[in-house]
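In: Here you go, sequence then predicted model.
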Amino acid sequence: GAVVSQHPSWVICKSGTSVKIECRSLDFQATTMFWYRQFPKQSLMLMATSNEGSKATYEQGVEKDKFLINHASLTLSTLTVTSAHPEDSSFYICSAIGLAVDTQYFGPGTRLTVL
Amino acid sequence: KNEVEQSPQNLTAQEGEFITINCSYSVGISALHWLQQHPGGGIVSLFMLSSGKKKHGRLIATINIQEKHSSLHITASHPRDSAVYICAVRFGGATNKLIFGTGTLLAVQP
């Protein structure tokens, strides 16, 4: 089946630094990618939706200047957490839709810890 | 009130038991997903349904559009099935967003 990868799988950084997370669709063209965050024992929360070549659509309450999303190609989207703070520590998951729009694939997630 | 309700929230079973997890949603949908999340976080998409029934190995997923209800069944459960199972729906219309249930934590004991 189709595969979505994320890199890195985990990252620890100091407060105030920026962290970039990559999401790649390995064997299909991802027309739409979604970024989620998940706190312990909670469900996934959609942060933003990005379509290739256009600006991301952010959910209410998600700061677009803090969580920069770039979807420059049909196989790559990046999420940059700028000036990270400890409260940004979370599990970030990307997901992608291919040309068959009802088929959605999830990445393995990236665990971010901000000290 | 969550638009997607799952039950039970927690489930403990003995190895070999037949397991059912339920999902109910509030309005018409275009698709329903069953997802599996193991400790450590990675999510695996098990099924995508818009009608009827699907089977993959020991897993069976059914959906009743009229009753707005779906079930995930696991036959001959095994400790490696222990995970969180999440129901997610895409409602009709232009949106591609998924709305997630709160998940069911399954523990299968040997």
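Out: Structure received. All values derive from a computational prediction rather than experimental measurement.

In: Any idea which residue is closest to the centre of chain A?
Out: Nearest residue to the geometric centre of chain A (Cα atoms, centre = their mean): A:Trp35, 3.7 Å.

In: Just to check, that residue is in contact with A:Ile69?
Out: Yes: the pair A:Trp35 / A:Ile69 is scored as a contact, 6.2 Å apart, by Cβ atoms under 8 Å. C-beta here means a position set from N, CA and C on the backbone, and glycine is covered the same way.

In: Pull up the overlap in contacts between the two.
Out: Here A:Trp35 and A:Ile69 share the contacting residues A:Ala48, A:Ser50, A:Ala56, A:Ser77, A:Leu79, scored by Cβ atoms under 8 Å, 6 or more residues apart in numbering or on different chains.

In: doesn't the first one fall inside a strand?
Out: In other words, A:Ala48. Yes: under DSSP: H, G, I helix; E, B strand; the rest coil, A:Ala48 falls within a strand.

In: With B:Thr62 as the reference, measure out to it.
Out: Separation of A:Ala48 from B:Thr62 (Cβ to Cβ, to the nearest Å) stands at 33 Å.

In: likewise the second one?
Out: With distances taken as Cβ to Cβ, A:Ser50 is found 33 Å from B:Thr62.

In: any low-confidence regions in chain B?
Out: When residues are selected by pLDDT under 70, those of chain B lie in B:1-2, B:92-95.

In: What about A:Asp88? Give its phi and psi, please.
Out: Backbone torsions for A:Asp88, taken as degrees, to the nearest 10, come to phi -80, psi -10.

In: Return the per-residue confidence for it.
Out: Note on A:Asp88: pLDDT of 96.

In: thought it was touching A:Thr110?
Out: No: with contact defined as Cβ under 8 Å, A:Asp88 does not reach A:Thr110; the gap is 11.9 Å.

In: quick one, which of these two is more surrounded?
Out: It is A:Thr110, of A:Asp88 and A:Thr110, that has more neighbours when counted by other Cβ atoms under 10 Å in any protein chain shown, with 24 against 19.

In: so what's the more buried one up against?
Out: A:Gln6, A:His7, A:Pro8, A:Ser9, A:Trp10, A:Val11, A:Ile21, A:Phe91, A:Tyr92, A:Ile93.

In: 10 Å instead, please
Out: By Cβ atoms under 10 Å, 6 or more residues apart in numbering or on different chains, the contact list for A:Thr110 reads A:6-11, A:19, A:21-23, A:37, A:79, A:81, A:90-94, B:41.

In: what do you get for B:Pro110?
Out: By Cβ under 10 Å, 6+ apart, the contact set of B:Pro110 is B:Gln14, B:Glu15, B:Gly16, B:His78, B:Pro79.

In: Next step: these restricted to strands.
Out: Taking DSSP state E as the definition of strands, the contacts of B:Pro110 contribute B:Gln14.

In: The contacts of B:Pro110: which ones sit near chain A?
Out: For chain A, no contacts are drawn from the contacts of B:Pro110 by Cβ under 10 Å from any Cβ of the partner chain.
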